[in-house]
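Student: coords please:
(one chain, ligands or ions: 1)
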Amino acid sequence: MKELDLRLEKVSKRFGSSFWALRDISMVLPKGRITALVGESGSGKSTLGKIILRLERPTSGRVLLGGMDIFAMGKEYTRMVSVVFQDPTTSLNPRMRVREILEEPLVVHKVKDREKVVVEALQKVGLDNSFLDRKPHQLSGGQRQRVAIARAMALKPAFIVADEPTASLDASRKRDILDLFVELRSMGTGVLLITHDITAVKYTADILYVLYRGKLLEYGDKEKLLLEPLHPYTRYLLDHVPARHPSLRSKGEWTETVPFFDAACPFYSMCRYRKEECERSLREVIVDGRFVACNLY
Ligand SMILES: Nc1ncnc2c1ncn2[C@@H]1O[C@H](COP(=O)(O)OP(=O)(O)OP(=O)(O)O)[C@@H](O)[C@H]1O
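Tutor: Numbers count the residues shown, from 1 in each chain. Purely as a prediction, here's the structure:
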């Protein structure tokens with residue numbers, strides 16, 4: 001049987017007539033691994049997540065699950081790939097009780113023994129049965145995100161896309177939620193962790209993809225990448241580990257050394273090491289087992 005992985009093949013996404021939010025993205029999400037996708041605000045992370053969730057269609061390229069085009073698949077796809085959004089306040093229906101929130105996907109997919117599945121899912125995220133009859137406003141932020149994760153886990157999906165799942169939480173709650181993703185990995189689930197938070201990446205991820213202005217600039221084994229980043233943008237990103245959400249940081253950190261224009265390398269105008277050729281062409285190479293798109297290599 002073909003290995004069950006999620007695979008993006010040269011996925012591009014254009015908004016309007018000329019804005020490319022994603023350019024030629026190829027990536028593989030293995031099962032039982034946490035793959036982190038990092039990049040600053042506006043780099044295209046959420047757009048990529050939405051494409052995997054079939055909420056957006058790529059302008060070109062393909063997304064495959066176990067070799068099948070996901071846009072040709074039926075309802076079974078939503079059973080195999082589920083989602084945890086950033087803000088559980090908006091992603092959970094305020095009128096529903098926890099029981100109904102957890103049951104909803106089970107009803108859609110005609111799962112039997114729903115009560116048992118619901119209770120099990122709740123237990124896995126560390127909440128007891130007393131939560132079943134509560135509504136989202138009766139829960140703390142951390143508990144709401146636990147419920148969102150329980151809902152995502154209930155169908156035992158092969159993959160979970162988590163888009164900034166800890167952004168709305170304080171530091172101690174963050175760690176608890178990240179631990180749940182680590183547990184999901186041990187159960188064989190593949191996780192795509194979309195984040196701007198390098199600390200979360202350090203703590204959980206196995207594989208790291210670095211996205212900048214819609215282009216993958218570097219990816220590979222997390223340990224190697226954090227220890228010895230190759231791309232000047234990855235180095236820049238790690239030197240500026242955000243203490244706060246990007247929207248709250250001072251703009252000064254992002255000074256461009258020349259005005260931005262559409263060079264072959266999207267980091268051209270920020271890069272201290274740029275060469276003349278970076279304006280016209282960008283080399284993509286494998287160095288020490290990882291991918292880097294940079295003319296320095
Ligand atoms: N539906 C849309 N129509 C037009 N432009 C869009 C649309 N969705 C996203 N974009 C643009 O695409 C770019 C990438 O957006 P995206 O939300 O994917 O980035 P992101 O890396 O997730 O950022 P953030 O961390 O701020 O959510 C942005 O410039 C955004 O304005």
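Student: Next up, the contacts around the most centrally placed residue in the chain.
Tutor: Central residue of the chain (C-alpha atoms, centre = their mean): Ile194, 2.5 Å from the mean position. Ile194 makes contacts with 36-37, 45-46, 48-49, 161-164, as judged by C-beta atoms under 8 Å, 6 or more residues apart in numbering. In this view, the C-beta of every residue, glycine as well, is placed from N, C-alpha and C.
Student: Spell out which helix or strand contains it, please.
Tutor: Assigned by DSSP states H and E, Ile194 belongs to strand 190-195.
Student: avg pLDDT for that strand?
Tutor: The pLDDT scores in strand 190-195 average 96.
Student: roughly how far apart are Tyr233 and Glu40?
Tutor: 9 Å (C-beta to C-beta, to the nearest Å).
Student: What of Glu183?
Tutor: Distance of Glu183 to Glu40, computed by C-beta to C-beta: 29 Å.
Student: picking up where we left off before, if you count what's nearby, which of Tyr233 and Glu40 comes out ahead?
Tutor: Each of Tyr233 and Glu40 has its neighbours counted (other C-beta atoms under 10 Å); Tyr233 has more, 25 against 19.
Student: list the helices and strands the helix or strand following the strand holding Ile194 packs on?
Tutor: The first helix or strand that comes after strand 190-195 along the chain, using DSSP H and E, is helix 198-204. Helix 198-204 is packed against strand 34-38, helix 171-186, strand 190-195, helix 222-227, with contacts defined by 3 or more C-beta pairs under 8 Å, 6 or more residues apart in numbering; DSSP states H and E.
Student: What are the buried residues along stretch 282-295?
Tutor: Residues of stretch 282-295 classed as buried by neighbour count (16 or more other C-beta atoms under 10 Å): 282, 290-295.
Student: Tell me which residues touch Phe159, please.
Tutor: Phe159 neighbours (C-beta under 8 Å, 6+ apart): 6, 29, 31, 52, 65, 80-82, 189-192.
Student: rerun at 7 Å
Tutor: Shown in contact with Phe159 (C-beta atoms under 7 Å, 6 or more residues apart in numbering): 6, 29, 80-81, 189-190, 192.
Student: I'd like to know how far it sits from Val119.
Tutor: Noted for Phe159: a distance of 24 Å to Val119, by C-beta to C-beta.
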